[in-house]
Structure formats: C-alpha cells, structure tokens
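Engineer: what's the 3D shape of this:
(2 chains)
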Amino acid sequence: MFLVRRSAPAVVIVGALFSLLLGSTPARAVSVGGARSSYAEELVASALEGRLYERAEWHTLLHYDDGWFGTESLVDDPSFFAAPNGKSDPAAELEATVRSFFAAPPDSGKHPVCRFAARFEWLVEELGVDRTWLPVPRCEPVEEIIDRMRPVKVLLSFPTAYMNSPASMYGHTLLTIVTEHDSELLSYAVNYAGETDTSFGPLYALKGVFGFYRGYYSILPYYAKLQEYSDVNDRDIWEYELSLTRAEIRRLILHVYELEDVYSDYYFFDENCSFNLLYLLDAARPGLDLTHDRGLWVLPLDTIRAADEAGLVSDVRYRPSKSTEIAHLASLMSDTEQERAVALARGQVEPAGAVVAAVDPAGEARVYDLASEYLQYLYIDGAVSQENYVPRFRRILGARSRLGNPEGERSIPRPPRPDLGHRSSRVGVGGGVLDTRGFARTTYRAVHHDLIDNRGGYLEGAEIVFGELDLRYYPEDEDLQIEAIDLIDIVSLSPRGRFFGPTSWKVRTGWSRRGLGDGRRPLVYDFEYGIGRTYRGGPLGLWYGLADVTAQLGGSLRRNHAAGVGVSAGWLTHLGRRLQFHGFGRAVRFGLGEYGTVIRAGVGQNLELSPNLGLRAEVRRSWVDDTDWWDWTLRLHVYH
Amino acid sequence: MKRFAVVTATVCLLFAGTAAANQSNTGCGIGTMIFEGKDGLLSQVAAVTTNGIFGNQTFGITSGTLECEQATMIVASAQVERFVGENMDQLAMDISRGQGEYVRTLAVLLDVPAEERTAFFVKLQANFTSIYPTDDVTHVDVIQNLETVLKG
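Structural biologist: As a prediction, this is how the structure comes out:
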C-alpha cells in the first residue's frame, strides 16, 4: 500500500538548480508544480490500485449506503464531495479527493485538507503521503480546535421521552465531548437535528417522514443542552460513557469538522438524529460499523443498545430533570413544609428576613430549595412573569444562603436504565374465545410500548404504539380475519398533584372491529382524540378520566360513517415488579351516520416473565344497543 | 485568593473585535476563546443558549447574547464571563446552597484548588447578598462582586 517515497527536498533542490541554470524563477515553479502533480498522480494510482474505495473506512467517512439501487451516500449536500458524481461513485470520489489535496491554498474558505479533514487523515496514513509535497500540509484550524478543546472522553447522552412533542416521544440522543476541565458542564454537545420550519402538526409530521427537512450537525456548550432538556422540557438525561481512546476521539472530531454546514435530508424514522450520530462513532473506531444494520426505523434507545452491544459503553450516569428533583425533594418533606414552599414560590408569603432562627435548619433549607426550584419551574412554564420572578427568586435565595449547608448534596435514587427495558418491537402468539367461537391469534407491533407492557425503564402512564397488526383465525369457519391495524396509538396519562398540573390525552387512529346492533363486527377506520385528567392514588397507582371525540368510516356503517362523543375512565397499577394491571371502561354515543351507543369495559394484565418476555391476559365485554359479547384472550409476547 | 487570573478589559475587547468580524451572534467567552476566528459550526459553539431563557446578564432574561463591550470587568477570563452570564440563575441557586455543579464549575474555571473548594463555597454562600445585591444585577456586576468578596 505504501508508496516508494520520493525525496521531496532533493527534487526541490534539483528544481532550484534548474532555475539557476536557466536563470528564471517561473521555470522553477513549473518544475516543482510538475513534480507535485506527478506525485499526486502517483498517489491516485496507488489509491485506486489498492482499491481504497472499497474499504469500509471510506464508505463510513462518505456515509455510503448499499441500497437497492446501488451505492449512494446518505449525505445530500454537494459540497461534501470532491467529485461531481461523488455521491454515487466511491472510486471517482476517492480519485478527486486525493487530487484535491494538491490544490493551491484558497483566498477564502476552506482548503480540501480541512473540508475533508477525516478523509485526509485516513488517506495520509493509508497512502503514506509525504506532507512536504502538499501546498497545505495539515488542517491548522482543526488542530487548534483539538489543542484548545483538550477532549478526554465522549458520552452518549439520552434525554428521555418527552410526550408533548411528536418529534421527541422516543427521546433523543446527542454526543457529549468531555474536556480536561474537571466539570461536565464545560463539555461540548454534538447534536444532529432537522431544521424544521413549521409547527403545524400534520404538515410537520409529513415533511419529517418524507425527508423534506435538512439535517445539520451542531455544537453547543453542554450546559445549554442541559437547560433545554432537563430544565425546560423536564426530561431526565442518561449519560453513557463511551470507551473511546484519544485517537478515536480525535477522528470523531475531525469527522464532525468535515460535516459542518453539510446537510443530509432528514427522515424522522430512519435517517434521524440517532442514526446520524452513529456515523460519528463509526468514523471514530473503524470496524465498528454501527450504521450497517439500519432497519426501517432507528430509535434513540436502539442506538444506545447498539453502542452497548459493541462494547462501547463503560459507565452509565443519571441526570434528573428539574421536575424529578422537585418531586424527590417534596417526597422528603411533610405536607405543611411542601405547602410553605409552594406559598413562597407563588409569592403568597415572604421569605424570612435577615435573621432566621430555624429550629430545624435542614428542614428549613429544604423548604427554600423546593421553593426556588418550583418558582423556576413556574417561570419557565409561563405561570409567573419575569417582573415577579426576579425579585422573588433573589429573596428566596437570599434567605436560603443564611441557612448554611446542613445536609450536603442530596442524591436522587436512580430509576432502572431505559436501555435495559424491553426491546422496541413485539410479536405475540396466543388465542382466545369470542363469545363461544375459539380463535388463534397473532400480533406484530413495530414500536414501542403500551400501558401494561413490561415496565422497567419506561415512563409510567405513557403508551406509544406505531404500526400494530392483529390477526385472528377462527378454525370453526376456517376464517382468517384482521382484527385491528393500529397506525398510531398514543396515550399520555400524567398525574396531577400539588406541583404539576398536566393534561392527559390520547390520539388513536387505525382500523378496528366495531360491533353493530345486529351482531356483526365489521372492520372500520377509526379516529379518536381525547383529553382529561389523571391522579395518583398513592400506592394504588393511576386513575384517569378522559372525554373524547371519535369518527369512523366504513362500508358497513349507515351512510358509510359514524361520529360521536365518548368518555372513558380507568385504573392503571402494578403489583410488585412483574404484574401490571389496567381496568378500563368507555362509552361512546354516536349521533351521526351509524347511530347508537357502544360501551366497552375490561381488564388487562401483563405478567413479566423476563425483560423481553411477557404473558398477557385480557377480558372485555362490549355492549351495542341490545346485543353484547365477551372477548377473552391470552397471548405470549416476545420483545425483539 | 490571588491565584485568580487577572485579565484586563483590553483582552475582552480584543475578543469582541474578532467575534464581531467573524460571526455577529457570538459574543466573547468560551466559544470565542476556543474557536476564535474560525468559521462555521465548530467555531459557532453557539454563544446563544438554545432555550433563550437563562440567556444572560440578569436573572430570567429571555434573549440576547453576551457582548464584551459591556464588560468593564477587572477579574475573570472570558470563559468565566460567559459561564456566569449564561448560567445566572443556576449559579445563584448553587451559591445560595453552598454546593452544586454550577458553583463547582465556577471553582474549576477560577482554578480554585480542590482542598480550598469547601472554603470557597462557604465564602460565596455567606456573601450571597453582596454578590447579588439588587434585582437588576448583571453578570458583569456578579463577576465584579465575586472578585471583591474573594479578595476580602
């Protein structure tokens, strides 16, 4: 692979002699330039001969993807390539890249050794390039960046699910470059995000799914990302420390550097924030190849699991969000103390004056700490104006500062690791009885979690299901039926309490069987949207009530449609670690199209056999006008 | 506490010059210091906080970026200035409690040796009202007051 190196200085001397002899400097320049270009050609020949364009490193650095229609880079920005056809031709791109390193220094903008910094470093090593021949022997700006940044380790940071934004329901991942500074706040966050332009939900979703947005990498101080995720969006953050060496971190930074201002079309499901971060890890450690097995979708949690399975994760840390801190602090306090903190935060009582004669300094400190945290939460939430926030905040902190440090740092218990929870997809097999007819049943769900799935690592009261198919086979009639196709099924049951007052909601759409007064159960398309409230009944779990509107379309319905309003209520709880329980009821009054009242009530139970195995039993009874029927099912779920 | 770096306003103005020349949305501070004069993403290490809530200068400010011209500071490096400016509320909370990640980071930026940190936290906590004397206190005031407290 290595070239026989020509001694550059010797050639220069020969060139100089020539120019002396000829007595003209341009001749010398031509001679050096000529030697340079023949050296460039030699390198190109060697690169092609060594078939470097077939190497995994080259494909990783260029984000090449071997798809159905041949090899193509997932990067869409032409400026990322040296060759005009570089997006689809790895060999042409290699050739043009090697030649580009010999370009004269530009008057403005970046030289190719900077534009293609990681590729440059790899090719210099692979081809044994003699840098003295290069007009720009190294990319100085990136060297300075690395010198000043002094990176020591890299974290894969995972802000957990945020139910109130469709783009962040699965959480998010970013890379954090930790510096030599003895504080993680001074790290840098490398983020990949789509540049979105509309907040109009359906359009936003469509554009996201079909790749109309451009994705860019960006770098921010880590504390800015912490403010965004943990303080503003109330998302706990998990930090997975990666076992990258300094040399690997250097390659990672070089690759980020060559991706600056370069866009790729952003796709919510697969070419998303999490998938694109994997390229940085692949570039850091050749052979890792985390980007190779891209399925139809890439969830942030899958990224973490991929990194973990590749042996990259060396340590795991947990950063609670502001609301988790508030809830924890409150759990240490009596009702009276909590009420005082709320009154302080809401400005209903004044903080103590200059002298604080606290009987119980630790308890008093907790009250002020909770008050300042909660006041900040209210301010971010828009419930307190800035005019009120600033003086109140400063007075509370002033009073707190006179209480010393009676407790030391409070540590918040770490919940189960989200990446150790059940896998994202699910297959179910089982059977049941519909009134008197027995059936065999199989289900498949693309992603990701329902209310009573195995719960370790998942948010309580949150259901996010995309793409579930439910098939039943009735042997008596030799009849295979689609029982349901869930396109989208999202439920957010977040309990209200003294500190937080969230609204619970649900959105469902897909095809399901709808009972009619004559006993038929045709498949209809159904859309359902509801809002309501959830409360926590202490150890008894969550209780909720929702009001909803619903619309159905189907050939078997009167005038092919039905629309109505409904109410639902339920109880969600768990017994011990392994048994989840959900009891529910729903009544819908249809007033348009197919008239009538549909009532359904039932219970569902899930027994966790192992993290990726569960046994599900469900019983439902439905009433439509004068008829009613029972539905009993038992299923074994395998998460994979 | 003489060990805290003394950087004059000239340095800051210097940064302001380059920052203004290169990218108008980047003030002085850690980003400019590290990536000064570089175009593009890595150098942007954006001076602007994304949520724009704890942006700068005073408590609870919602927009704007740090401008070096406003810094008549005597003590503190650009890094300290940016950190204090962009984490006003969090730092104040930590100082009032005498502990926490933000005040620990301040100690790191000021090169306070590990064995002196507890005393450092206690001193700042005891002087909370001198560091944050008014509601409209700015990050520049805070840095000056910190210096006064630490010298005393």
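
Engineer: Quick check: residue A:342 vs chain B, distance?
Structural biologist: 18 Å (C-beta to the nearest C-beta, to the nearest Å). In short, each C-beta sits where N, CA and C put it, glycine included.

Engineer: and the helix or strand containing that residue, how far out from the chain's middle?
Structural biologist: According to DSSP states H and E, residue A:342 maps onto helix A:335-345. How far helix A:335-345 lies from its chain's middle: 36 Å, per C-alpha atoms, centre = their mean, to the nearest Å.

Engineer: Please apply the same query to stretch A:101-111.
Structural biologist: 37 Å.

Engineer: in it, what counts as buried?
Structural biologist: Residues of stretch A:101-111 classed as buried under the neighbour-count rule (16 or more other C-beta atoms under 10 Å in any protein chain shown) are A:101-102, A:110-111.

Engineer: Show me the two of these that sit farthest apart.
Structural biologist: A:102 and A:110 (15.3 Å; C-beta to C-beta).

Engineer: For whatever residue of the stretch 451-600 of chain A ends up closest to chain B, pull up the helix or strand it's in.
Structural biologist: Among the residues of the stretch 451-600 of chain A, residue A:499 lies closest to chain B, at 17.1 Å counting by C-beta to the nearest C-beta. Residue A:499 is part of no helix or strand, with elements assigned from DSSP H and E.

Engineer: Touching, it and residue A:342? I think so.
Structural biologist: Yes - contact criterion C-beta atoms under 8 Å: residue A:499 and residue A:342 qualify, at 7.3 Å.

Engineer: low-scoring stretches of chain B, by residue?
Structural biologist: In the predicted model of chain B, residues B:1-58, B:60-76 satisfy pLDDT under 70.

Engineer: Where do the strands of it begin and end?
Structural biologist: Using DSSP state E, chain B contains no strands.

Engineer: all helices in it, in order from the N-terminus.
Structural biologist: B:9-22, B:30-35, B:41-44, B:78-86, B:88-97, B:101-109, B:117-126, B:128-131, B:139-151 (DSSP state H).

Engineer: before we move on, the earlier item: find residues that contact each of residue A:499 and residue A:342.
Structural biologist: Common neighbours of residue A:499 and residue A:342, counting by C-beta atoms under 8 Å, 6 or more residues apart in numbering or on different chains, are residue A:374.

Engineer: that older thread, list the buried ones in the very next helix or strand once past the helix holding residue A:342?
Structural biologist: Next in sequence after helix A:335-345, counting helices and strands by DSSP H and E, comes helix A:361-380. With burial defined by 16+ other C-beta under 10 Å, the residues of helix A:361-380 counted as buried are A:361, A:363-380.

Engineer: now swap in stretch A:550-567 and tell me
Structural biologist: Applying 16+ other C-beta under 10 Å to stretch A:550-567 flags A:550-552, A:554, A:557, A:561-564, A:566 as buried.

Engineer: Taking those residues together, which two end up most distant?
Structural biologist: A:554 and A:566, at 17.4 Å, using C-beta to C-beta across the buried residues of stretch A:550-567.

Engineer: mind listing what the spatially most central residue of chain A touches?
Structural biologist: The centre of chain A sits closest to residue A:172, judged by C-alpha atoms, centre = their mean, with a distance of 2.3 Å. Residues near residue A:172 by C-beta under 8 Å, 6+ apart: A:158-159, A:229, A:273-274, A:300.

Engineer: among the residues you listed, which one has the lowest pLDDT?
Structural biologist: Across the contacts of residue A:172, the smallest pLDDT goes to residue A:273, namely 73.
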